[in-house]
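Visitor: take a look and give me a structure for this.
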Amino acid sequence: MLTIVAVILALTVLPSPWGIVAVAGAAAIDVVEIGFFARWSKRRRATVGAETLVGRTAVVVRALSPHGQVQLDGEIWEARAGENVPPGAEVTITAVDGLVLDVTPSTHT
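Guide: Just a heads-up that it's a prediction; the model follows:
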């Protein structure tokens, strides 16, 4: 965008040698800016998809016996466990099966 403005100024307002300097300077700034933002946008991968839930900790809101519900990041998920887990207990997500989370009770040491 800066280069476009510099070209317009060079063609309409700036005298002969300064028009070329303005366009070259604006183009250099644009190249540096593009390089900076391209590198900045790749600083970390986006975390998306169900596989990012595995290993996270959730809180049981409806007893798991073996099916119930857990809360994770303010969202309520259907969940199932291999054993009975009371409300308020923390569980670790071990797998995702569609919209149902497989969980195990968290062990705090």
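
Visitor: A strand includes Thr92, no?
Guide: Yes - checked against DSSP: H, G, I helix; E, B strand; the rest coil, Thr92 lies within a strand.

Visitor: if Val60 is in a bridge, with which residues?
Guide: Beta-bridge pairing of Val60 under DSSP bridges involves Val70.

Visitor: now do the contacts for it.
Guide: Listed by C-beta atoms under 8 Å, 6 or more residues apart in numbering, the contact partners of Val60 are Gly68, Gln69, Val70, Ala79, Val85, Pro86, Pro87, Gly88, Ala89, Glu90, Val91. All C-beta atoms are positioned from the backbone trio N, CA, C, and that covers glycine.

Visitor: ok, and the closest non-adjacent residue to the second one?
Guide: If the residues on either side of it in the chain are set aside, Gln69 comes closest to Arg62, at 4.1 Å by C-beta to C-beta, 6 or more residues apart in numbering.

Visitor: in this protein, which spans are strands?
Guide: 57-62, 67-72, 75-81, 90-97, 100-105 (DSSP state E).
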